[in-house]
Structures are given as C-alpha cells and as structure tokens.
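Undergrad: build the 3D model from these lines:
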Amino acid sequence: MTESQKLKHLLWRMGFGPRTTSWEKWSSLPAASWWPKLKDDSAAPPEHYDVAGDVVKGLLMGVGEIGKMEQRELDKEQKKQLRQQSRDQLQHLNLLWLEDMTNSKAQLREKIALFWHGHFASRNINVLYQQQLLEIIRRHALGNFGELLRDVSKSAAMLAFLNNQQNKKKHPNENFAREVMELFTLGRGHYSENDIKEAARAFTGWGFKLNGEFVFRKWDHDTGEKTVLGKTGNFSGDEVLDILLEQRQTAHFIARKMYKFLVNENVIPEERIQWLGDRFFDSGYHIMRLLNDIAQSDWFYAPENVGVKIKSPIELWVGMRRILPMELADPEIQLTLQKALGQILFFPPNVAGWPGGRDWVDSSSLMLRLRIPELLYANQEMNLRTKTDDDQQMGEATKAKLKQMSAHINWAPLETMFKNADNGKIVAQIAAFLWQTSLKTLPEQVVQLNLDQRSSNLLLQSTVIRLMATPEYQLC
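TA: Prediction:
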C-alpha cells in the first residue's frame with residue numbers, strides 16, 4: 001500500500017473518510033503523526049445538544065413502554081401533540097449529529113460514538129431521553145467502558161426501552177438483566193438463565209423520573225441474597241455490573257465487536273481477539289487502549305483488511321458529503337434517505353442494533369446507493385416508498401412521495417486536488433482517491449464513454465459521479 005492508501009484507510013475506519021477540504025493538510029503530514037492527530041482532534045469534550053423543546057421539558061413527557069404515556073393525566077389531543085413535537089425534535093437531533101459527523105474534526109469520537117450507538121441500541125420516541133443517552137455515549141466514547149456501561153444502564157432511555165420501570169421485587173422483569181448480559185457485556189452463551197433471574201432481582205428498584213433523572217426506589221428493591229456468575233451476596237444493580245466487568249469474557253466480547261466494526265466483518269482471527277481483549281481488560285477497560293492496539297498494528301493495514309467492509313448507510317452518506325461539500329436545499333431529505341437505506345439514527349431495528357455487513361445491501365437498497373450520486377448531481381427527484389414504522393409515523397400510512405435531492409455542490413476542493421491531472425489518466429487518478437479496492441477491476445474505457453468532456457471541470461465532475469456510482473465505492 002502507498003502512504004496515501006494507508007491514510008485513506010485510517011480515515012475511513014477511524015472516521016468517516018477523507019475530507020477534500022483538508023486532504024492536502026493531512027497528506028503532507030508524516031505517517032507517524034496521523035493517529036496522534038486523530039486522537040488530539042477528538043480530545044475536547046463534545047458539544048452539548050439541546051433540542052428538546054420547552055413544551056416537552058415543561059411537561060416532562062414520560063414514555064414507559066414505547067408509545068404509552070405514564071404518570072401524567074393528559075387528554076388524547078395533548079398526548080398526540082407532545083408525541084408529534086418529540087418526534088420532530090428527534091429528527092432535528094438526528095440531523096444535528098449527522099452534521100457533526102460530516103464537519104467536525106473530532107472524527108474519531110463521532111465514529112466510535114456511532115459504534116456505541118449501535119451497541120447500546122435504544123428505541124424511544126422521547127427526545128429528552130434520547131438526547132441524554134446520546135450525550136452519555138459521546139462523552140464516554142473514547143473513555144472508560146465501565147463508566148459508559150454504568151451511565152447507559154442508568155439512563156431513562158435504556159431503562160424505559162428494556163422495561164426496568166416494571167422490575168419490582170414481587171414481580172421481577174428479566175428483560176433489562178438479560179440484555180445487559182447478552183448484548184452489552186458477556187455475549188450469548190456465557191451466562192445461565194438463573195444468572196439472569198438473579199441479576200434481575202438486583203436491578204429491582206432501578207427507574208427514572210419523568211425528567212430522565214435516575215432514581216433508586218428502595219421499596220421496590222429485592223434485598224435478598226442472590227447468586228450471579230458464581231458469586232453470592234445481597235447484590236445491588238451496581239454490584240452486578242461490577243461482577244460483569246470482572247469477567248475477562250466481557251473485554252473479549254467488546255474487542256470482537258470493535259474488531260468487526262473497525263477492521264474486518266468476516267475474517268476474525270481468534271488469537272487476535274484474545275490478545276486485544278486481554279490488553280483491554282488489563283487496562284481497566286480504557287477504550288483508547290483498545291483503539292491504540294488496533295490502529296497501531298501492522299495487520300490493521302494488511303491487504304485482506306482494506307476495502308472489504310461494506311459502508312453502512314450513515315458511513316456512505318457522510319463520507320460522500322465529506323468528499324463533495326454541499327448545501328442541501330432540504331436537509332430533511334437525509335431522514336428519508338436514512339429510512340430508504342435502512343439505518344435511521346435513534347431507530348435501530350431492535351435491541352441488538354443494526355446487524356451490518358451484507359445486511360446493509362439488498363437489491364432495492366443497492367440500486368438506490370448507486371443512484372445517489374447522480375440524483376445529487378442532476379438535482380433529480382426520487383420516488384420512494386419506505387417501510388412503515390409506527391414508532392416514527394404514529395400510525396400514519398406511508399405513501400410514495402417524490403423527494404428532490406437538490407444540492408449545491410462545491411467542486412472547488414476537488415478541482416484543486418486534480419488541477420494538474422492528465423485528462424487521459426484522470427479516471428484512474430480519481431478512482432485511486434475514491435476507491436479503497438484494487439484498481440484492477442476499474443472499467444476505465446466503459447467509464448470514459450459516459451463522461452462529459454466539454455471542459456476539464458465537467459470531465460472531473462462527471463468522473464467523480466460515475467465512480468461514486470459503482471459497487472466498489474460501497475466498500476471501505
């Protein structure tokens with residue numbers, strides 16, 4: 001691999017790809033400074049998002065089971081109004097985070113926050129709770145996993161989503177305890193059903209106020225003796241989390257998921273996971289130790305790990321915006337696009353999050369992926385009938401609507417990058433920048449047949465669009 005290829009690989013995996021406005025600066029740096037710069041750029045605390053409106057905050061709308069109001073006497077029309085406002089503000093939160101992924105220099109933090117967003121998947125239409133959970137994830141994204149786990153576990157969004165408000169000593173609900181073990185820490189097969197039952201007893205009394213603040217209701221807590229993973233005591237919920245963190249398997253489980261997210265989804269050497277997990281565990285669960293071990297390894301840049309990962313819809317779209325700086329006439333088109341491509345921020349398909357890999361691509365979504373560049377370039381309309389999702393649409397039927405992908409693209413950064421390019425070699429040169437796969441499959445002559453050669457700028461623009469509209473561009 002060339003230095004340029006290595007840099008692009010690092011920026012795609014530990015961020016959302018190269019940005020044309022800063023590529024010259026990055027490529028002028030020595031390779032030894034790339035990873036330290038990525039970390040330094042993400043060192044500052046994240047900006048606080050505050051999109052929950054005064055009406056929502058004032059009434060402190062609470063959602064127990066999705067879609068049901070609790071502890072608040074409101075008439076039907078008031079409930080509908082509050083839910084609609086919360087939904088609208090959740091869409092605003094979606095777009096706000098998307099802008100940071102695109103434009104923030106804290107690429108490492110936002111990329112790893114996206115990982116945790118899928119790992120700690122929560123589906124909740126209360127914008128206040130989702131806003132609080134996102135702040136936890138972004139604040140701890142590069143910090144300590146134990147602190148992240150504890151704060152997420154005590155968040156209103158997660159406690160509501162996993163029904164722990166209903167977990168009381170006389171009527172224990174095992175949902176929260178099961179998912180904490182299966183999805184957040186140990187992974188399936190590393191605990192017994194009795195461990196879940198006993199842990200659920202420890203989490204009794206964990207709940208939240210309508211403003212999202214964690215509350216421990218001691219009269220609902222089971223104070224009896226419990227046995228979890230071979231340890232016995234009058235455990236509290238915090239003590240159960242400590243027991244889970246004491247298991248080396250937890251570190252291996254996180255290391256495996258992080259490896260799949262950052263390195264390779266299909267080829268996962270077991271000895272490598274053991275090494276990463278052990279070092280992660282021995283560090284006291286410092287997330288940066290795990291990321292350092294991945295980014296600074298020789299195998300991170302091995303050919304078998306480059307250009308083999310299917311971009312998630314968010315990675316694809318944000319990466320495209322970083323290469324093509326643009327102003328969208330209607331930013332909300334991005335919500336429709338997320339829905340059509342199968343990844344809507346704050347709306348994972350279930351508690352396990354998005355499965356990723358080949359699940360990102362079916363015949364419908366692949367065709368749309370390949371059309372997006374042309375739709376942008378030509379300001380064309382797309383006719384979409386997205387799948388019905390009652391959490392988002394409040395029971396309203398979904399109809400096919402014409403949505404125009406209207407954007408003003410700033411071509412200047414790309415024109416500067418390729419100002420000295422030979423027109424006869426421009427296809428290969430641009431492909432070398434846009435693709436992470438081998439250029440051996442580049443159908444150069446076929447691409448050239450569909451280029452606009454009326455001027456050098458139009459030639460460059462049409463080349464970029466054609467190469468983005470390829471299966472190879474779906475990989476990073």
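Undergrad: doesn't residue 215 belong to a helix?
TA: No: counting by DSSP: H, G, I helix; E, B strand; the rest coil, residue 215 falls outside a helix, being strand.
Undergrad: and it, what's its pLDDT?
TA: pLDDT recorded at residue 215 is 96.
Undergrad: do the same with residue 399
TA: At residue 399, pLDDT is 51.
Undergrad: so what's the residue count around the residue lying closest to residue 348 once chain neighbours are set aside?
TA: Excluding the flanking residues, the one nearest residue 348 by CB to CB, 6 or more residues apart in numbering is residue 121, at 3.9 Å. Every C-beta, even on glycine, is put in place using the N, C-alpha and C of the backbone. By other CB atoms under 10 Å, 21 other residues sit near residue 121.
Undergrad: pretty sure residue 121 sits against residue 347.
TA: No: with contact defined as CB atoms under 8 Å, residue 121 does not reach residue 347; the gap is 9.5 Å.
Undergrad: average pLDDT for stretch 234-251?
TA: If you average the pLDDT values across stretch 234-251, you get 98.
Undergrad: gap between it and the chain center?
TA: Distance, stretch centre to chain centre, for stretch 234-251: 26 Å (CA atoms, centre = their mean, to the nearest Å).
Undergrad: now do the end-to-end distance for that stretch.
TA: From its first residue to its last, stretch 234-251 covers 25 Å (CA to CA, to the nearest Å).
Undergrad: what are the buried residues along that stretch?
TA: Residues 235-237, 240-241, 243-245, 247, 249-251 are the ones in stretch 234-251 that count as buried (16 or more other CB atoms under 10 Å).
Undergrad: how about CSV for these, with distance to residue 200 added?
TA: As requested, the buried residues of stretch 234-251 are exported to CSV (distance: CB to CB, whole Å):
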residue, distance to residue 200
235, 11
236, 13
237, 10
240, 9
241, 13
243, 14
244, 13
245, 18
247, 18
249, 20
250, 18
251, 24
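Undergrad: what two of those are the furthest from one another?
TA: Greatest spatial distance in the buried residues of stretch 234-251: 236 and 251, 22.7 Å, computed using CB to CB.
Undergrad: show residues contacting the helix or strand containing residue 433.
TA: Following DSSP states H and E, one finds residue 433 within helix 426-434. With contacts defined as CB atoms under 8 Å, 6 or more residues apart in numbering, helix 426-434 is touched by 4, 8, 18, 323, 417-418, 421-422, 439, 442, 444, 447-448, 451, 459-460, 463-464, 467-468, 473.
Undergrad: change it to 10 Å
TA: 2, 4-5, 8, 17-18, 20, 23, 319-320, 323, 414, 417-418, 420-422, 425, 437, 439, 441-448, 451, 456, 459-460, 463-464, 466-468, 470, 472-473 (CB atoms under 10 Å, 6 or more residues apart in numbering).
Undergrad: show me what the helix or strand that that helix is followed by is packed up against.
TA: Using DSSP H and E, the next helix or strand after helix 426-434 towards the C-terminus is helix 444-448. Helix 444-448 sits against helix 426-434, helix 456-468, with contacts defined as 3 or more CB pairs under 10 Å, 6 or more residues apart in numbering; DSSP states H and E.
Undergrad: ok, which of those comes nearest residue 49?
TA: helix 456-468 (30.1 Å).
Undergrad: got the buried residues for the closest one?
TA: By 16+ other CB under 10 Å, the buried positions in helix 456-468 come out as 459-468.
Undergrad: next, the angle helix 426-434 makes with that helix.
TA: Counting by axes from the mean of the first three to the mean of the last three CA atoms, to 10 degrees, helix 456-468 lies at 50 degrees to helix 426-434.
Undergrad: outline the domain layout of the protein.
TA: Residue ranges for the domains of the chain, per automatic domain parsing: 1-41, 54-245, 313-409, 412-474.
Undergrad: in which helix or strand would I find residue 35?
TA: In the assignment (DSSP H and E), residue 35 maps to helix 34-41.
Undergrad: try residue 371
TA: Counting by DSSP H and E, residue 371 is found in helix 363-378.
Undergrad: against which helices or strands is that helix packed?
TA: Under the contact definition 3+ CB pairs under 10 Å, 6+ apart, helix 363-378 sits against helix 313-323, helix 333-341, strand 381-384, strand 407-409, helix 456-468.
Undergrad: now for the fourth one, which elements pack on it?
TA: Okay, so that is strand 407-409. strand 326-328, helix 363-378, helix 456-468.
Undergrad: please repeat the previous calculation with a cut-off of 8 Å.
TA: strand 326-328, helix 363-378 (3 or more CB pairs under 8 Å, 6 or more residues apart in numbering; DSSP states H and E).
Undergrad: now the longest one
TA: Contact here means 3+ CB pairs under 8 Å, 6+ apart; on that basis helix 456-468 packs against helix 313-323, helix 363-378, helix 412-417, helix 426-434, helix 444-448.
Undergrad: just say which of the ones you listed is most tucked in.
TA: By mean neighbour count, with neighbours taken as mean count of other CB atoms under 10 Å, helix 313-323 ranks first of these at a mean of 23.
Undergrad: who's in contact with residue 42?
TA: Taking CB under 8 Å, 6+ apart as the definition, contacts of residue 42 comprise 105-110, 142.
Undergrad: rerun that using 7 Å as the cut-off
TA: 106-109, 142 (CB atoms under 7 Å, 6 or more residues apart in numbering).
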